[in-house]
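**Student:** Quick one: sequence plus predicted model below, questions after.
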Amino acid sequence: MQPIDDIFRAASSTSTAAANFGLLHNLPGLWSGKGFNLIARPARQGKPTNPPFILELNGTQETLEFTMIGGSIPNRGDVEPTALLHGIHYLQTVHDCEDNSAIHKEPGVWLHVPATAESKTETYVRQASIPHGDALLAQSTFFTTVNKGPTIDPVDAFPISIKNPIPPLNDVTHAVLGVPYVTPYLTSPLPGDCLPGGLNPQKTIRDPTEVLRAQITSQVFTETVVIQISTTPIGGITNIPFVVKNANAAQMDAIFWIEKVKRPTFPGGEFLQLQYVQRVILNFDDVHWPHVSVATLVKSD
């Protein structure tokens, strides 16, 4: 039997943490910052309405707290050797910037999975539990490290007919539904709180990653870790029956950028910054509705 000390032992050095947690090793700590949330939510409540949805837009204030799990997590092997995973707890809290009302609370775990017979390379997994009655498991579909800033491609937030397949996260070429679905997007004003100045409302509502690019226009980067995850083709979302019937959460895709940024007033100094875009597809009224969230968070020293 594997000794307990080998299973539950905290990482003893930065190099050990990097080996055990891979691209996640800089996450432990407290991150805070601002962002933008876009969600179309059902309006019918059992009665006909036109349009059948409410478009909610929020400037957001967010904290993400990561805590390292102090030891290996053994997945026991049967036809292959035991795989030792390493994990990081997280708690995400999101509030509206204008009235400080709660928008989102999410406890979860990030895992670094070593190469196994099922995957010839390491993988990154995110497990989350959302109080609406949803649980998700997503796995990395792409990851890399570059010695420059992030490349943040557009993400389309417009609704899509449920007859069409869910497009890839950065596919902005798919056909979208017309009136009455698109018009409320075009006529909705941006919330002013927490958002950078100078944003074009229609362009930002169509592509919320405009907020991410605006938040870093003057920054200089030395390194960016990129981790893209999805609940498909490996993983999924499980919802309680009410959610399935009324606004089924069908798929989640996200990209996380862990960035090293030069301090403008401290030559040679750097700070850590986390940016992300996340899209959850909600299905109701025979429509795929992209629920898109973005944020730029800085790690506390």
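**Tutor:** The structure has been received and is ready for your questions.
**Student:** what residue ranges in this protein are flagged as low confidence?
**Tutor:** For the chain, applying pLDDT under 70 flags the ranges 1-14.
**Student:** Just the helices from it, written as ranges.
**Tutor:** Remark: helices assigned in the chain by DSSP state H are 4-7, 14-21, 183-187, 201-206, 209-215, 241-247.
**Student:** export those helices to CSV and tack on mean neighbour count and distance to I162?
**Tutor:** Any C-beta I mention is one placed from the backbone N, CA and C, and that applies to glycine too. Putting the helices of the chain into CSV (neighbours: other C-beta atoms under 10 Å; distance: least, C-beta to C-beta, whole Å) gives the following:
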stretch, mean neighbour count, distance to I162
helix 4-7, 10, 46
helix 14-21, 15, 39
helix 183-187, 14, 18
helix 201-206, 17, 20
helix 209-215, 21, 24
helix 241-247, 14, 13
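**Student:** Out of those, which is closest to T144?
**Tutor:** helix 14-21 (15.7 Å; C-beta to C-beta).
**Student:** quick one: contacts of the closest one?
**Tutor:** With C-beta atoms under 8 Å, 6 or more residues apart in numbering as the contact definition, helix 14-21 has outside contacts at A11, H25, L27, M68, S72, H86, I88, H112.
**Student:** just the buried members of those residues?
**Tutor:** Listed as buried from the contacts of helix 14-21 are A11, H25, L27, M68, S72, H86, I88, H112; burial here means 16 or more other C-beta atoms under 10 Å.
**Student:** The fourth one and T173: what is the separation?
**Tutor:** When you say that, I think you mean M68. For M68, the distance to T173 (C-beta to C-beta, to the nearest Å) stands at 41 Å.
**Student:** one step back: pull the most distant pair out of the buried ones among the contacts of helix 14-21.
**Tutor:** Within the buried ones among the contacts of helix 14-21 (distances taken as C-beta to C-beta), the two that end up farthest apart are L27 and S72, at 17.5 Å.
**Student:** about what we covered before: take the contacts of helix 14-21 and write them to CSV, including distance to W257.
**Tutor:** As requested, the contacts of helix 14-21 are arranged in CSV below (distance: C-beta to C-beta, whole Å):
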residue, distance to W257
A11, 23
H25, 15
L27, 12
M68, 21
S72, 28
H86, 21
I88, 17
H112, 18
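**Student:** between these, which is nearest I39?
**Tutor:** Of all those, I39 sits closest to L27, with 25.8 Å by C-beta to C-beta.
**Student:** Correct me if wrong: the closest one contacts W110.
**Tutor:** Yes: if you go by C-beta atoms under 8 Å, L27 and W110 touch, sitting 6.9 Å apart.
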